[in-house]
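Colleague: coordinates for the following, if possible.
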Amino acid sequence: MKQFIVLMAVLPIMLIFLMQFTADQVNGEKVAFIQSVVYAAKEEAKQEGCFTEELKTRIVKEISEGISIPAECIEVASDDEVKYRYAKGEGRLIHYRVSVRLDGVMAGGRFLGISDSENTVTYVIDSSTASEKI
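Modeller: Numbering: from 1, shown residues only. Down below sits the predicted model:
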């Protein structure tokens, strides 16, 4: 009987470890998808010389539909001016920032006393690339 009582106390904690492994895999897939969308958009922005409004809208739409999150959780910011390939120094760099709020980072968050507002993380890609527009 004593072993059964100990098992009932330990089993939920052991199950959370298994569920966390699955949650990490899901979150890893989401991050990989976000990275691939942003990389493809960055390559297009290099050719255009900047992140156009159409490109920013497409990034939000693809990420939103791809990982099933609301578009309000995604922010895309970049330089608005067109950069050219032959500019010197910083003049040819296109700066961009994509941030995506991911919910449900911890499995069993409520069981562990973590509120839904605390169980989130914002994944940010903040970088720059050289323009190839002639």
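Colleague: now the helix ranked longest in the chain: average pLDDT?
Modeller: Longest helix in the chain by number of residues, with DSSP state H as the criterion: helix 2-48. In this model, helix 2-48 has a mean pLDDT of 91.
Colleague: buried set for the helix or strand just after that helix?
Modeller: Next along the chain after helix 2-48, taking DSSP states H and E as the criterion, comes helix 53-67. Judged by neighbour count (16 or more other C-beta atoms under 10 Å), helix 53-67 contains these buried residues: 55-56, 58-60, 62-64, 67. Any C-beta I mention is one placed from the backbone N, CA and C, and that applies to glycine too.
Colleague: and helix 53-67, what does it pack against?
Modeller: Contact analysis of helix 53-67 by 3 or more C-beta pairs under 8 Å, 6 or more residues apart in numbering; DSSP states H and E lists helix 2-48, strand 74-78 as its packing neighbours.
Colleague: can I get these in a markdown table with mean neighbour count and distance to K133?
Modeller: Output for the helices and strands packed on helix 53-67, formatted as a markdown table (neighbours: other C-beta atoms under 10 Å; distance: least, C-beta to C-beta, whole Å):
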| stretch | mean neighbour count | distance to K133 |
| --- | --- | --- |
| helix 2-48 | 13 | 7 |
| strand 74-78 | 18 | 14 |
